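# show me the folded form of this:
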Amino acid sequence: LKWARSAMKPLVAILYMTVFCVVSPIGVGVGMALTDPSQEGEMVTTALIVLQGLATGSLLYVVFFEIMEKERQKSVPGVLQVLAMSLGFVFMVLLGLAEVRSERSEEFKVQLL
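A predicted model of the protein is given here:
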């Protein structure tokens, strides 16, 4: 919608969308290839760490400079915004920990059998 209202030429917008549509599946394929359990090596692990770092950095950039900037402009008290954001981060960490615990529990059950 922003592109439709902007002064961007339609050809450039179509080019951007095409590149995004082509690169996204390639990224998914690279990620799937790197996380294949049969390929465990130092090179694969290093590449996976680098790609996860890039993805994390991109996500943090979008969250802090795009989304949160728009949220700060709303007429909600700043303390309430910080509290909601902090609770959201704590909730996501707890979800991640629960997932790790669940995976370890399943691995332990498999080892017992």
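# please count neighbours and contacts with C-alpha atoms only from this point.
Will do.
# residue 79 and residue 30: what is the separation?
41 Å (C-alpha to C-alpha, to the nearest Å).
# just checking, what's the longest helix in the chain?
Under DSSP state H, the helix in the chain containing the largest number of residues is helix 78-112.
# on the three-state scheme, residue 7 is what?
Following DSSP: H, G, I helix; E, B strand; the rest coil, the label given to residue 7 is coil.
# same check, this time on the one 4 residues further on
On the three-state scheme (three-state DSSP), residue 11 is labelled helix.
# and the pLDDT for it?
The per-residue pLDDT reported for residue 11 equals 86.
# and if you look at residue 69?
76.
# in which helix or strand does it reside?
helix 68-72 (DSSP states H and E).
# please apply the same query to residue 20.
helix 10-34.
# before we move on, back to that, give me the more crowded residue out of residue 79 and residue 30.
Under the criterion of other C-alpha atoms under 10 Å, the comparison of residue 79 against residue 30 puts residue 30 first, with 14 against 9.
# can you tell me how far the more buried one is from residue 99?
24 Å.
# how close does residue 17 get to residue 87?
For residue 17, the distance to residue 87 equals 35 Å [C-alpha to C-alpha].
# just the angle for the one helix or strand residue 46 maps to relative to helix 10-34, thanks.
Residue 46 is part of helix 42-61 when elements are defined by DSSP H and E. Between helix 42-61 and helix 10-34, the angle comes out at 140 degrees (axes from the mean of the first three to the mean of the last three C-alpha atoms, to 10 degrees).
# go through helix 42-61 and flag the buried ones.
48, 51 (16 or more other C-alpha atoms under 10 Å).
# who are the packing partners of it?
helix 10-34 (3 or more C-alpha pairs under 8 Å, 6 or more residues apart in numbering; DSSP states H and E).
# Three-state assignment for residue 75, please.
Residue 75 - assigned by three-state DSSP - is coil.
# now it. Its backbone dihedrals?
Note on residue 75: its backbone torsions stand at phi -90, psi 40 [degrees, to the nearest 10].
# I appreciate the help and will end here.
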